[in-house]
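**Student:** Fold the following.
(chains A and B)
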Amino acid sequence: MPSTIIPILKQIIADELDVDIKIADIGNEMPLLEDGIGLDSVAVMEFIVLIEKKFDFKFSDDELTFEPFTDLNTLADFIAKK
Amino acid sequence: MIEFNNKIKALAESAETSNNFISDGKQSCYYHQLNSVLKQFSAYFKHQTPKSANCIAFECDNSLPSALTLLSLFQQGQSFILLPPSGSALKEPQYKASLPLFCDYILTVSTEKASDYQQPEAFLTLEKISNTPNIKPKLADITGKLYVRTSGSMGAAKIIVHRQHSLLHNAENYAQRYQLTPADHVAIPLPIFHLYALGAGFLSAFCTGASIRLLKNTNILSYLSMERDFKPNVAFFTPALCEMLLKGRKASGGYRMVLTSGDRIKASVFRDFNDKFGGIMSQYGSTEMGAIAASNPDDLLTLRLETTGKAMTGMALSVNDNGVLRCKTETGFEAYLDTEGNILPTPNDDGWFTTGDLATINADGNVVILGRADNQVNRSGFLVRLSDIEEKIESISGVLQSIVLSPKGSEQQGRGQQLVAFCIIEKNFDLEVEKIRSLCFSFLPKYAIPDKIQLLKRLPLLANGKIDRQLLLTQLE
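**Tutor:** Got it, this is the predicted structure:
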């Protein structure tokens, strides 16, 4: 269920990644990369590793594209189908 | 430059190279198009600067339009200094004030307007810097130079002067060492406004006529997308990129050669990368001299791991009495300038350039870099190399990276300077300062045990991807 996944993703971003943002400030439609939440290359990699751990699945190489990582909605939808 | 024009002609006409291309993922330019495309660029510059500029400040990103602009500047022998893209900062006075005073033009590429790389007039903006004091660099010849600003983390900024023809000559040399061929697909995921990605990566691949893919804003997603469509077999990396690919890509294989340069790479990362993806090898160089030594793709893993290979062709090496590596070549930098264009004295040791790095040269000519000469301290009468301590600490499982620093003026009675170890711990790994400290006692002599161990989430980096040790010291608790 995407609605239960999003809070977990927000918690990872705010608490576990080295990103300067509070949970309350993270919007579901905020771009995850550059202009939005602004995850840099190290944070993106860390984020992927933590998602795999928390949700117990592995992204295949072909699934690691920009599409699922557009914003939290797209990412939660993707994880929900796993 | 006649030589360069001949090169372009040869690349455009040879059956081996004419259908290879340079691409940024959005657009591609085939080698057979280069001649006519570069003519568009030189016409643009002739129109914009009737008299040639002293020095153009070129804001260069990893795009095809930027890469072609670079080649055009080389082709015309137009002197320039490379800068990262600044975005909106262009118009701010402090930005202009940060340029050398002999820079008279700023050249920018507008990405939004660069949908057709064959129309430079649509995306290039060449702006005369107002109120420049008409200063020329105090060099015998001011054409055909590439100026590089040093990072200047300490003291005043220096400008390193390179001759463009030397850079091209070196690039051909490097290509031989890497055994590049026109059939190679070369990925360049590092910014080409730095000399490593430009000289070792882009220019060497270009001189070979290999297909080249430039990548900007590199992260695991952009890198894997690039791999899927370009299928690189050669790549220019830093240790951080090696770790990223190891963590992020599940499938193995694919690479004939991945070159890594910059910071020290962990032995375990080097081995794992080699096993999973293919031949990794390292290079050692400096902004002044370019590549100094590099492995050979044919070298055995142990040799590639333990050394940075032999001196580049035309590069003489020796180690001075203090164990510091020196080198000598005809094609290194020409001079240091201050921002007003005055020549600064170069520490000259009979024509040798002193690198500042401790090294040994094995009997077979392979070079082992031991770390910065100023990164060793005297402790209780023993000379301690900080990089040795870092390697030991990194051998603790759970420690991803360790940087050991010795704050200046921290001398203690009879002990010498203090040692501080900053450590990055693997996520969710239960490792505390006390545990690291007690393990240190088991593999380090007492005088080499850090006085303080501090855990960090991540290390501050300079723009070139190296660790910012100065900034790190300010984070000392």
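
**Student:** Please report how far the residue of chain A positioned farthest from its centre lies from B:E243.
**Tutor:** Among residues of chain A, the one most distant from the C-alpha centroid is A:D62; the distance is 17.0 Å, by CA atoms, centre = their mean. A:D62 is 22 Å from B:E243, where distance means CB to CB, to the nearest Å. Quick note: C-beta positions are derived from backbone N, CA and C, even for glycine.

**Student:** So B:V377: helix, strand or coil?
**Tutor:** strand (DSSP: H, G, I helix; E, B strand; the rest coil).

**Student:** partner residues bridging it?
**Tutor:** Counting by DSSP bridges, B:V377 is bridged to B:V384.

**Student:** residues touching it, list them.
**Tutor:** Contacts for B:V377 (CB atoms under 8 Å, 6 or more residues apart in numbering or on different chains) come out as B:L383, B:V384, B:L386, B:S406, B:G416, B:Q417, B:L419.

**Student:** Take the residues you listed and keep only those in helices.
**Tutor:** Taking DSSP state H, the ones among the contacts of B:V377 that sit in helices are B:L386.

**Student:** Neighbours of the closest residue to B:K7 other than its chain neighbours, how many?
**Tutor:** Excluding its sequence neighbours, the residue lying closest to B:K7 (CB to CB, 6 or more residues apart in numbering or on different chains) is B:C207, at 6.8 Å. If you count neighbours by other CB atoms under 10 Å in any protein chain shown, B:C207 ends up with 21.

**Student:** Quickly find the element holding B:C207.
**Tutor:** helix B:204-208 (DSSP states H and E).

**Student:** Find the least confident helix or strand in chain B, judged by mean pLDDT.
**Tutor:** helix B:93-97 (a mean of 67; mean pLDDT, DSSP states H and E).

**Student:** Would you tell me what the next helix or strand after it is?
**Tutor:** strand B:105-109.

**Student:** what residues does that following strand touch?
**Tutor:** So strand B:105-109 is contacted by B:49, B:53, B:55-61, B:63, B:65-66, B:69, B:80, B:85-86, B:90, B:96, B:99, B:123-129 (CB under 8 Å, 6+ apart).

**Student:** Give me the buried subset of these.
**Tutor:** Buried by 16 or more other CB atoms under 10 Å in any protein chain shown: B:49, B:53, B:55-61, B:63, B:65-66, B:69, B:80, B:85, B:96, B:99, B:123-124, B:126, out of those.

**Student:** Is there proximity between stretch A:56-72 and chain B?
**Tutor:** Yes - against chain B, stretch A:56-72 shows contacts by CB under 8 Å from any CB of the partner chain at A:K58, A:S60, A:D61, A:D62, A:L64, A:T65, A:F66, A:F69.

**Student:** among the residues you listed, which ones are buried?
**Tutor:** Looks like the residues of stretch A:56-72 next to chain B have A:L64, A:F69 buried, using 16+ other CB under 10 Å.

**Student:** and A:D71, how many neighbours?
**Tutor:** Neighbours of A:D71 under the rule other CB under 10 Å: 18.

**Student:** ok, back up a step: which ones among the contacts of strand B:105-109 map onto strands?
**Tutor:** Those of the contacts of strand B:105-109 mapping onto strands are B:I56, B:A57, B:F58, B:E59, B:F80, B:L124, B:T125, B:L126, B:E127, B:K128, per DSSP state E.

**Student:** Pipe these into a markdown table and attach pLDDT and distance to chain A per row.
**Tutor:** Shown next, in a markdown table, are these (pLDDT from 0 to 100; distance: CB to the nearest CB, whole Å):
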| residue | pLDDT | distance to chain A |
| --- | --- | --- |
| B:I56 | 95 | 28 |
| B:A57 | 93 | 25 |
| B:F58 | 94 | 23 |
| B:E59 | 93 | 18 |
| B:F80 | 96 | 28 |
| B:L124 | 94 | 24 |
| B:T125 | 92 | 23 |
| B:L126 | 92 | 27 |
| B:E127 | 89 | 26 |
| B:K128 | 88 | 32 |
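
**Student:** Now tabulate the residues you listed in a markdown table and tack on distance to B:R213.
**Tutor:** Below are the ones in strands among the contacts of strand B:105-109 laid out as a markdown table (distance: CB to CB, whole Å):
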| residue | distance to B:R213 |
| --- | --- |
| B:I56 | 26 |
| B:A57 | 26 |
| B:F58 | 21 |
| B:E59 | 21 |
| B:F80 | 24 |
| B:L124 | 22 |
| B:T125 | 26 |
| B:L126 | 27 |
| B:E127 | 30 |
| B:K128 | 34 |
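
**Student:** for residue 62, what are its contacts?
**Tutor:** Unless you meant another one, I'm taking chain A. A:D62 makes contact with B:R228, according to CB under 8 Å, 6+ apart.

**Student:** Chain B is the one I meant
**Tutor:** B:D24, B:I188, B:P191, B:I192, B:L214, B:L215, B:K216.

**Student:** ok, now how distant is the first one from B:L259?
**Tutor:** Read it as B:D24. 20 Å.

**Student:** now swap in the last one and tell me
**Tutor:** Taking CB to CB as the measure, B:K216 falls 19 Å from B:L259.

**Student:** of those two, who's got more company?
**Tutor:** Per other CB under 10 Å, whichever of B:K216 and B:L259 has more neighbours is B:L259, with 25 against 18.

**Student:** In chain A, where is pLDDT below threshold?
**Tutor:** Judged against pLDDT under 70, the low-scoring parts of chain A cover residues A:1.

**Student:** So which residues on it come close to chain B?
**Tutor:** A:16, A:18, A:33-34, A:40-42, A:44-46, A:48-50, A:53, A:58, A:60-62, A:64-66, A:69.

**Student:** Just the ones of those in helices?
**Tutor:** Checked against DSSP H, these include these in helices: A:S41, A:V42, A:V44, A:M45, A:E46, A:I48, A:V49, A:L50, A:K53.

**Student:** these two touch, right, the third one and A:L33?
**Tutor:** Yes - using CB atoms under 8 Å, A:V44 makes contact with A:L33 at a distance of 7.2 Å.

**Student:** Are there residues contacting both of those two? Which ones?
**Tutor:** Common neighbours of A:V44 and A:L33 (CB under 8 Å, 6+ apart) are A:F69, B:N219.

**Student:** need the contact list for the residue nearest the centre of chain B.
**Tutor:** Centrality entry for chain B: nearest residue to the mean C-alpha point is B:Y196, 3.2 Å, by CA atoms, centre = their mean. By CB under 8 Å, 6+ apart, B:Y196 lies in contact with B:L190, B:F236, B:S261, B:G262, B:G285.
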